[in-house]
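Undergrad: need a 3D model of the following:
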Amino acid sequence: MGLEDLLIENGQVLVNGRFEEVNIFVEKGRIARLAPVCSDDKNCLRLDASGYKIVPGFIDSHTHGGNGVDVNSASTSDLLKLSRYFAEQGTTGWLASIVTDTYEKTIRAIEQIRQAMSGANPGAQLLGIHLEGPFLSRDYKGSMQENLLRKADLSLFEDYQKAAAGLIKYITVSPEVDGVPQLIKELTGQGVIVSMGHSGADYETALHCIHNGATSATHTFNAMKLLHQHAPGICGAVLETDVFCEAICDGIHLHPGIVRLLLKTKGINQVIAVTDSIMAAGLPDGFYNLGASRVKVADGDAKLVSDGTRAGSTLTTSKALRNLVDFTGRKLEEVILPLTENPAALLKLDPYKGSILEGNDADLVLLDESFRVDTTIVGGNIVFKRRLS
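TA: Numbering: from 1, shown residues only. Predicted coordinates:
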């Protein structure tokens, strides 16, 4: 059947913040109609969603890999494999996050991502590129290789963006790095979304960068100078202002109480749930790569072999959703926002992604009673189905 021939019926659909008993009619990859009655069209591919909740597809704006694939070293076929794996987790759209690497390896990674985006994709939609660096603080480098970090360099970014054919959508920079405040002005003027992270910036410098156009904080509280009553720093600046705050909700990077505090401080509409996952996501403990770094995973916790610094996560979006429910006790229709509407707003994907509305892309997930992914639909195409046909 073509993408225009899908009817999802008998499910509980999240519409405008509440679950309703409506059917979803999909035409040409978009939600054509939400209606409480069944279609009599015998030619329509029907998906019975009885007993399931239907929510918008998850959007992961910060992930370095999973299922044995590291974004920095991935081939085009690896990236498509990764998209299929992400679809199993309910992810319908993702940014490929490149950790700071050599110029040559970064260009290679960009070219592979560009090629993967140019063809058919049987899984989650690859939405673009996130550069995590190289304009980052050495003092808060986290898992980054210190010798690869550098001061702001617009010409270098433009080299990368040219190789990407404009597909770099999101970048993480440190406000205190030489030249970064002006770089933020330049990048936002080009339509690139700028996030602040890996930073020990003081409060005033962080506010200056927000004034210059930064709209997000990368993995808030991690690889970041923390709040002090006499020196709020970058942490205080991002909590006080209207920027989005990424959060890794795996129970390792952030204590559940901190997740609750962040949601209460920022409001549910300004938190972005990211995985920051590495190639070990979905795989057993062992040794893996994260860009130029070697990582050991023990009990699901990824750390650099060299010095024990935490290095990304093994989190998936589906697990992040269940954690948010468990950590907060809030209803599904609330805690779904950091995985759907909020990243869509940050990345300027709305009004076509992140919510179930007529005219939006048909990126949908069916959840069972335990909030586990049963079916994932991308652009009206069923790309994952756990139930036997």
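
Undergrad: buried sites along stretch 64-84?
TA: Using 16 or more other C-beta atoms under 10 Å as the test for burial, stretch 64-84 gives 64-74, 76, 78-84. The C-beta positions use only the backbone N, C-alpha and C, and glycine is treated the same way.

Undergrad: cool, stretch 15-23 as well?
TA: Neighbour counts over stretch 15-23 (16+ other C-beta under 10 Å) mark 15, 19, 22, 23 as buried.

Undergrad: surely the first one touches residue 357?
TA: Yes: using C-beta atoms under 8 Å, residue 15 makes contact with residue 357 at a distance of 7.5 Å.

Undergrad: if we can go back for a sec, in strands, which of the buried residues of stretch 64-84 fall?
TA: 65, 66, 69, 70 (DSSP state E).

Undergrad: what kind of secondary structure is the closest residue to the first one other than its chain neighbours in?
TA: Taking C-beta to C-beta, 6 or more residues apart in numbering as the measure, residue 65 lies nearest to residue 279, with 4.0 Å between them; neighbours along the chain are not counted. The three-state label given to residue 279 by DSSP: H, G, I helix; E, B strand; the rest coil is coil.

Undergrad: report how many residues lie close to residue 279.
TA: Residue 279: 27 surrounding residues under other C-beta atoms under 10 Å.

Undergrad: equivalent analysis for residue 333, please.
TA: Neighbour tally, residue 333, other C-beta under 10 Å: 15.

Undergrad: which residues touch it?
TA: By C-beta atoms under 8 Å, 6 or more residues apart in numbering, residue 333 lies in contact with 14, 17, 18, 19.

Undergrad: doesn't it fall inside a strand?
TA: No: checked against three-state DSSP, residue 333 lies outside a strand; its state is helix.

Undergrad: so what pLDDT did it get?
TA: For residue 333, the pLDDT comes out at 97.

Undergrad: in terms of contact, does residue 260 touch residue 326 like I think?
TA: No: with contacts counted by C-beta under 8 Å, residue 260 stays clear of residue 326, the gap being 11.1 Å.

Undergrad: which element is residue 135 on?
TA: Under DSSP states H and E, no helix or strand contains residue 135.

Undergrad: just to check, residue 75 is in contact with residue 111?
TA: No: when contacts are counted by C-beta under 8 Å, residue 75 is not listed as touching residue 111 (10.4 Å).

Undergrad: can you tell me the SS state at residue 54?
TA: Applying three-state DSSP: residue 54 is strand.

Undergrad: hmm, it is touching residue 26, no?
TA: No: counting by C-beta under 8 Å, residue 54 stays clear of residue 26, with 11.8 Å between them.

Undergrad: overlap in contacts, these two.
TA: residue 8.

Undergrad: what residues are up against residue 136?
TA: 100, 144, 149, 172, 173, 174, 177, 197, 198, 199.
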